[in-house]
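Peer 1: just coords:
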């Protein structure tokens, strides 16, 4: 019987609040169809990971809530020389949204961003002046699922959880309310599919837990080119990637963020239902990516 590679998918702790199992089933099905044996390991305490042909942090959800533990895991994976996809260098780089400044310096259109070391009223006013807008969005540099993300209108107080904390300040992009946030998916460097995520009425967050909804979308050549330019800045080519982007007042697209760690891949919206994803991971296992 031909050898079947074993891959470990890192998953949340048993008490994690978000429902991740349906998305896990879709990803596991795609990997199984590609000839891989899929097993689960809890990312916060994965135990012995030796012997796996590949480790995938696809459901390391909540890492932003225990950053020290997350970075310790990355150090361990790197130190033990374990096979990880995406590579540890990519995971570490993508963990902190400071990479947006790097993309911008390379000429990639990103959502304008001001990083503040300790947010207070003076720092917020200074960021507003740089951005040329009164209404802004603030978010932690290490975040996920819109944790700690707030929309702040002119004259509004800084939320308690953000006062004195390192934060990124961005303008509220008009496109998020008018057209939604576009996500493009790439496997082994090739475009697979796209969706658009729209916020609930009165909100700006597109995540499902806040009432956001998604549907399949076309991706223009310009959108695909912008995504490819952003991904080219990563420390190594990602095997799987989600690129989130949003339009400005003139409908020009800007990178919102790159999701190279534990993204929802919305494989049920992919024309091939995830075959390209499974094949990309199988190639990584075989060393042919």
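Peer 2: Yep, that arrived. Worth saying up front: this structure is predicted, and the values here are computed from it rather than measured. Numbers count the residues shown, from 1 in each chain.
Peer 1: For residue 58, which residues are in contact?
Peer 2: Residue 58 sits next to 9, 10, 24, 27, 240, 262 when contact means Cβ atoms under 8 Å, 6 or more residues apart in numbering. (Each C-beta comes from the backbone N, C-alpha and C, glycine too.)
Peer 1: now the residue nearest to it when sequence neighbours are not counted, what's its secondary structure?
Peer 2: The shortest distance from residue 58 to any non-neighbouring residue, by Cβ to Cβ, 6 or more residues apart in numbering, is to residue 9 (5.2 Å). Here residue 9 is strand, with the state taken from DSSP: H, G, I helix; E, B strand; the rest coil.
Peer 1: show me the contacts for residue 9.
Peer 2: Contacts for residue 9 were tallied using Cβ under 8 Å, 6+ apart; they are 24, 27, 28, 38, 39, 40, 41, 56, 58, 59.
Peer 1: neighbours of residue 172, just the number please.
Peer 2: 18 (other Cβ atoms under 10 Å).
Peer 1: Now it. Its backbone dihedrals?
Peer 2: Reported as degrees, to the nearest 10, the phi and psi values for residue 172 are phi -70, psi 110.
Peer 1: So it is in contact with residue 133, correct?
Peer 2: Yes - between residue 172 and residue 133 there is a contact under Cβ atoms under 8 Å: 7.4 Å.
Peer 1: Dump the contacts of residue 9 to a markdown table, plus pLDDT and distance to residue 284.
Peer 2: Formatted as a markdown table, the contacts of residue 9 follow (pLDDT from 0 to 100; distance: Cβ to Cβ, whole Å):
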| residue | pLDDT | distance to residue 284 |
| --- | --- | --- |
| 24 | 94 | 19 |
| 27 | 96 | 14 |
| 28 | 97 | 16 |
| 38 | 98 | 14 |
| 39 | 97 | 17 |
| 40 | 97 | 19 |
| 41 | 97 | 18 |
| 56 | 98 | 9 |
| 58 | 97 | 13 |
| 59 | 96 | 17 |
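Peer 1: In helices only, show me those residues.
Peer 2: Secondary structure from DSSP state H places 24, 27, 28 of the contacts of residue 9 in helices.
Peer 1: Ranking by neighbours, what's the top pick from the residues you listed?
Peer 2: residue 27 (22 neighbours).
Peer 1: Nearest spatial neighbour of that one, chain-adjacent residues omitted?
Peer 2: Nearest one to residue 27, counting by Cβ to Cβ, 6+ apart, is residue 58 at 6.0 Å.
Peer 1: Strands of the stretch 51-200 of the chain, residue ranges please.
Peer 2: 54-56, 114-116, 136-139, 150-152, 167-171, 181-187, 190-198 (DSSP state E, counting those that start in this stretch).
Peer 1: okay if I get those strands as JSON lines plus distance to residue 288 and mean neighbour count?
Peer 2: Formatted as JSON lines, the strands of the stretch 51-200 of the chain follow (distance: least, Cβ to Cβ, whole Å; neighbours: other Cβ atoms under 10 Å):
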{"stretch": "strand 54-56", "distance to residue 288": "13", "mean neighbour count": "22"}
{"stretch": "strand 114-116", "distance to residue 288": "39", "mean neighbour count": "18"}
{"stretch": "strand 136-139", "distance to residue 288": "38", "mean neighbour count": "21"}
{"stretch": "strand 150-152", "distance to residue 288": "45", "mean neighbour count": "17"}
{"stretch": "strand 167-171", "distance to residue 288": "38", "mean neighbour count": "24"}
{"stretch": "strand 181-187", "distance to residue 288": "14", "mean neighbour count": "25"}
{"stretch": "strand 190-198", "distance to residue 288": "14", "mean neighbour count": "20"}
